[in-house]
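J.: build me a model from this:
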Amino acid sequence: MTKSSTIKKNYLWIVIPFLTFLLSLIVGRYFISVSDLSKSIVSKIFNVPVDIPEIVDTVIFNIRLPRIIVAMIVGASLSLSGAAYQGMFRNPMVSPDILGASQGASFGAALGILLGFGVLGVQFISFAFGIAAVFLTYFISKKVSKGIDTTLVLILSGIMVGTLFSSFVSLIKYVADPLNKLPAITFWLMGSLATISKDEILVVFIPFLVGSIPLMLFRWKLNILSFGEEEAMALGLNTEKIRLIIIISATLMTSSAISVCGLIGWVGLVVPHICRLMIGPDMKKIIPLSMIVGGTYLLIVDDLARTLLPIEIPLGILTAIIGAPFFIYLLNNNRRNYGYFRQSKTFI
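T.: Take a look at the predicted model:
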């Protein structure tokens with residue numbers, strides 16, 4: 001690959017998200033022209049009066065802009081978590097909910113709705129139970145993994161904890177008021193950004209920042225982990241410490257994302273595959289690219305969710321409808337990529 005083509009590709013990773021961002025401000029049930037959008041932005045930046053309807057500013061800055069920002073952060077969080085887990089577990093079928101974060105957060109949200117908590121209360125308890133579920137998984141795996149493959153025990157513990165919390169969610173749905181609480185729980189589980197406001201931006205941004213920085217700093221070590229436990233330790237890597245850092249970072253991002261917008265599947269599974277097909281298996285490149293592609297992807301899906309039909313489609317439903325067939329296509333047309341994690345030492 002020539003230097004000029006590399007520069008063009010790097011340029012595209014900036015231009016495409018930016019254009020998607022601007023397009024998302026325009027499209028919707030209330031269409032905003034490019035002229036009105038430009039005038040509104042100029043008015044906010046330079047504090048000068050412009051001749052546009054007041055509703056334009058309200059729609060752009062109070063409704064669409066917070067939703068767009070949160071969509072991009074959530075997409076980046078889920079994609080980054082999925083890429084990190086796939087590298088750590090050396091398994092392209094791993095997603096961010098492998099250790100029970102999604103199921104724990106779902107139980108917390110369902111419990112909060114059942115108990116009549118407000119929006120912030122539901123988000124907090126959802127976030128707390130998402131973290132608690134993952135640490136329960138980690139604690140169980142530590143207790144039973146002596147002399148056994150640590151990675152395998154961690155995955156099996158995650159499946160067990162996830163199933164347990166999913167059962168608790170079903171129990172809450174069973175006892176919930178069918179006229180009030182049950183519809184609210186069901187709608188939350190479908191995933192949506194319809195109720196996002198400015199208050200949610202920091203709720204997802206701070207955990208994203210705290211979680212993404214360690215993954216960016218240690219992303220080269222994920223290449224070493226891909227060689228296997230014994231090989232990584234022979235190369236001087238403290239696998240237990242690195243694994244714990246990855247789990248904490250991914251859990252923070254996944255739990256915060258789910259606590260704000262509900263269950264949104266397939267993003268953390270599909271997007272790392274797309275990145276891997278574009279640039280290869282080097283985790284030093286996949287980690288940052290997953291953030292960019294994931295944020296852009298979820299923003300596009302959210303635009304479709306709010307414009308395809310007269311009523312808004314729950315985001316979790318749409319990501320599954322798009323993600324599942326696309327993933328089948330990837331598997332069918334890229335069988336050679338089952339060897340994703342048989343990496344060259346040149347990546348270190």
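J.: tell me the pLDDT of residue 48.
T.: The pLDDT attached to residue 48 in the predicted structure is 80.
J.: who touches residue 98 in this structure?
T.: Residues counted as contacts of residue 98 (Cβ atoms under 8 Å, 6 or more residues apart in numbering) are 85, 89, 155, 158, 159. In this view, the C-beta of every residue, glycine as well, is placed from N, C-alpha and C.
J.: and the buried ones among those residues, selectable in ChimeraX?
T.: Buried residues within these, by 16 or more other Cβ atoms under 10 Å, are selected in ChimeraX with:
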select :85,89,155,158
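J.: what is the nearest of the contacts of residue 98 to residue 21?
T.: Distance to residue 21 across the contacts of residue 98 (Cβ to Cβ) is lowest for residue 85, with 27.3 Å.
J.: just checking, what packs against the host helix or strand of that closest one?
T.: Element membership of residue 85, judged by DSSP states H and E, is helix 65-89. Counting by 3 or more Cβ pairs under 8 Å, 6 or more residues apart in numbering; DSSP states H and E, the packing neighbours recorded for helix 65-89 are helix 3-26, helix 150-175, helix 199-217, helix 219-225, helix 239-261, helix 267-279, helix 283-307.
J.: how about a cut-off of 7 Å?
T.: For helix 65-89, the packing partners by 3 or more Cβ pairs under 7 Å, 6 or more residues apart in numbering; DSSP states H and E come out as helix 3-26, helix 199-217, helix 219-225, helix 239-261, helix 267-279, helix 283-307.
J.: avg pLDDT for the shortest one?
T.: The average pLDDT for helix 219-225 rounds to 86.
J.: does residue 107 really touch residue 130, like I thought?
T.: No - using Cβ atoms under 7 Å, residue 107 makes no contact with residue 130, being 8.9 Å away.
J.: give me the more crowded residue out of these two.
T.: The residue with more neighbours, out of residue 107 and residue 130, is residue 130; 30 against 26, by other Cβ atoms under 10 Å.
J.: which residues touch that one?
T.: For residue 130, the contact set (Cβ atoms under 7 Å, 6 or more residues apart in numbering) comprises 101, 104, 105, 108, 251, 254, 255, 258, 259.
J.: how about stretch 314-322 as PDB, C-alpha atoms only?
T.: What follows is stretch 314-322, C-alpha atoms only, in PDB (Å, rounded to 0.1, in the frame of the first residue of the first chain):
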ATOM      1  CA  PRO A 314     -36.600   0.100  18.700                       C
ATOM      2  CA  LEU A 315     -32.900   0.300  18.100                       C
ATOM      3  CA  GLY A 316     -32.200  -3.200  19.500                       C
ATOM      4  CA  ILE A 317     -34.600  -4.700  17.000                       C
ATOM      5  CA  LEU A 318     -33.000  -2.900  14.000                       C
ATOM      6  CA  THR A 319     -29.400  -3.800  15.000                       C
ATOM      7  CA  ALA A 320     -30.500  -7.500  15.100                       C
ATOM      8  CA  ILE A 321     -32.300  -7.300  11.800                       C
ATOM      9  CA  ILE A 322     -29.200  -5.700  10.100                       C
END
